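S.K.: all I have is the shape, not the residue letters:
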């Protein structure tokens, strides 16, 4: 029987790629998105690429009435939950907006799921729940200590889900702590298109390379890392999407609550990414070193072995493909969607 999957935040970069992989796996996909930082054009392109239709609902999870009406209209079997604000730096400037959106919206979603008997959910958490770690690489048993409001919202939601699982064995919950998604679909048809100034590294780099932005700010070069800039585990967004689908399939085994890292296990500095992008694109990326950004940890990278063992998932695409695909997307879509 064909399952119906609700993807919250499905119009965004990770969400739209996951919709594409889900449709390819034969599932019916329903999307709820308020389009506050995305465009429905991404979903139209996914439909063209896959030859399948997506049921789109312009829905804000902060509205209890709206999300319950969606569940009343659609027979949802499982949820992949991406929706939420997601910029570390911004979260330190407008923390209340992050708590209201991320925690409030998730609470409304879970209440609707409970009311309509849908108890399978894959939650897109984040490596930010680990905070500024003392030991690397990070595995799922490492201490959790978020150091910024964005990370704290993710950690709070993780605890909500753990409490739900403890309260009832009916719930099947997958928490995915993913690292830094970059890249784009190899067709160049779907990719990251942030509204306003990009908060993430790769779209900022591509917009500088294409001439839309003048210079990339590099926040600090005095960290305890090989070149002084922050070190992160970058994962191709297509690999990330496949990880969510693998997690959803795992829930069919009724595992209760499971937690997995999604990363490559390889750390790259900001300057490493700039150099890799310049090589992949043939473009020079102008950048300047600025002060450190509040909330940034010096180095964060994963031990993804548990996901390989339990989900049968492993990242396949490297930094070169991430840069090539991101550049192809930007070249084909200089103004975004």
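M.R.: Ah, there it is. Not measured: the values here are computed from a predicted model.
S.K.: stretch 276-294 - what's its average pLDDT?
M.R.: Per-residue pLDDT values over stretch 276-294 give a mean of 95.
S.K.: endpoints of that stretch, how far apart?
M.R.: Its first and final residues considered, stretch 276-294 spans 26 Å by C-alpha to C-alpha, to the nearest Å.
S.K.: distance between it and the chain's centre?
M.R.: Going by C-alpha atoms, centre = their mean, to the nearest Å, the spacing between the C-alpha centre of stretch 276-294 and its chain's C-alpha centre is 22 Å.
S.K.: same check on stretch 185-197?
M.R.: Using C-alpha atoms, centre = their mean, the distance from the centre of stretch 185-197 to the centre of the chain it belongs to is 13 Å.
S.K.: all strands for this structure, in order.
M.R.: With DSSP state E as the definition, the chain shows strands at residue ranges 4-8, 28-33, 54-58, 78-81, 120-126, 172-178, 180-182, 216-219, 231-232, 234-236, 257-262, 268-269, 287-290, 299-300.
S.K.: out of these, which comes closest to residue 105?
M.R.: Among the strands of the chain, strand 4-8 comes nearest to residue 105, with 8.1 Å by C-beta to C-beta. Placement of C-beta: from N, CA and C, glycine included.
S.K.: returning to that earlier point: can I get the strands of the chain in CSV including distance to residue 48?
M.R.: Converted to CSV, these look like this (distance: least, C-beta to C-beta, whole Å):
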stretch, distance to residue 48
strand 4-8, 18
strand 28-33, 14
strand 54-58, 11
strand 78-81, 21
strand 120-126, 25
strand 172-178, 27
strand 180-182, 22
strand 216-219, 32
strand 231-232, 32
strand 234-236, 21
strand 257-262, 27
strand 268-269, 33
strand 287-290, 35
strand 299-300, 36
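S.K.: and these: which comes nearest residue 64?
M.R.: strand 28-33 (13.0 Å).
S.K.: quick one: contacts for the nearest residue to residue 3 once chain neighbours are set aside?
M.R.: What sits nearest to residue 3 in space, not counting adjacent residues and going by C-beta to C-beta, 6 or more residues apart in numbering, is residue 77, at 4.4 Å. The neighbourhood of residue 77, defined by C-beta atoms under 8 Å, 6 or more residues apart in numbering, consists of 3-5, 118, 120.
S.K.: closest one to residue 334 among the strands of the chain?
M.R.: Within the strands of the chain, the stretch nearest residue 334 is strand 216-219; the backing value is 16.9 Å (C-beta to C-beta).
S.K.: coming back round to it: in a markdown table, list the strands of the chain along with mean neighbour count.
M.R.: What follows is those, written out as a markdown table (neighbours: other C-beta atoms under 10 Å):
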| stretch | mean neighbour count |
| --- | --- |
| strand 4-8 | 26 |
| strand 28-33 | 26 |
| strand 54-58 | 17 |
| strand 78-81 | 25 |
| strand 120-126 | 25 |
| strand 172-178 | 24 |
| strand 180-182 | 25 |
| strand 216-219 | 18 |
| strand 231-232 | 22 |
| strand 234-236 | 26 |
| strand 257-262 | 23 |
| strand 268-269 | 21 |
| strand 287-290 | 13 |
| strand 299-300 | 21 |
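S.K.: residue 191: which of these is closest?
M.R.: Minimum separation from residue 191 across the strands of the chain (C-beta to C-beta) falls at strand 180-182, 9.8 Å.
S.K.: and the contacts of residue 77, which is closest to residue 86?
M.R.: Comparing every one of those with residue 86 (C-beta to C-beta), the shortest separation belongs to residue 5, at 20.7 Å.
S.K.: mind listing what the closest one touches?
M.R.: If you count contacts by C-beta under 8 Å, 6+ apart, residue 5 has them with 22, 27-30, 76-80, 248.
S.K.: quick one: pLDDT of the closest residue to residue 60 other than its chain neighbours?
M.R.: Closest residue to residue 60 in three dimensions, ignoring its sequence neighbours and counting by C-beta to C-beta, 6+ apart: residue 34, at 4.0 Å. According to the predicted model, the pLDDT of residue 34 comes to 97.
S.K.: same question, residue 335
M.R.: Per-residue confidence for residue 335 comes out at a pLDDT of 87.
S.K.: buried ones in the longest helix seen in the chain, by neighbour count?
M.R.: Ranked by residue count, the top helix of the chain under DSSP state H comes out as helix 149-167. When neighbours are counted by 16 or more other C-beta atoms under 10 Å, the buried residues of helix 149-167 are found to be 149-158, 160-161, 164-165.
S.K.: pLDDT (mean, whole number) over that helix?
M.R.: When pLDDT is averaged over helix 149-167, the result is 97.
S.K.: which strands or helices does that helix pack on?
M.R.: Using 3 or more C-beta pairs under 8 Å, 6 or more residues apart in numbering; DSSP states H and E as the contact criterion, the elements in contact with helix 149-167 are helix 88-93, helix 95-98, helix 105-115, strand 120-126, strand 172-178, strand 257-262.
S.K.: show me what the last one is packed up against.
M.R.: In terms of contacts (3+ C-beta pairs under 8 Å, 6+ apart), strand 257-262 is packed against helix 149-167, strand 172-178, helix 237-251, helix 305-311.
S.K.: same list (these) but as a markdown table, adding distance to residue 200.
M.R.: Output for the helices and strands packed on strand 257-262, formatted as a markdown table (distance: least, C-beta to C-beta, whole Å):
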| stretch | distance to residue 200 |
| --- | --- |
| helix 149-167 | 12 |
| strand 172-178 | 13 |
| helix 237-251 | 11 |
| helix 305-311 | 22 |
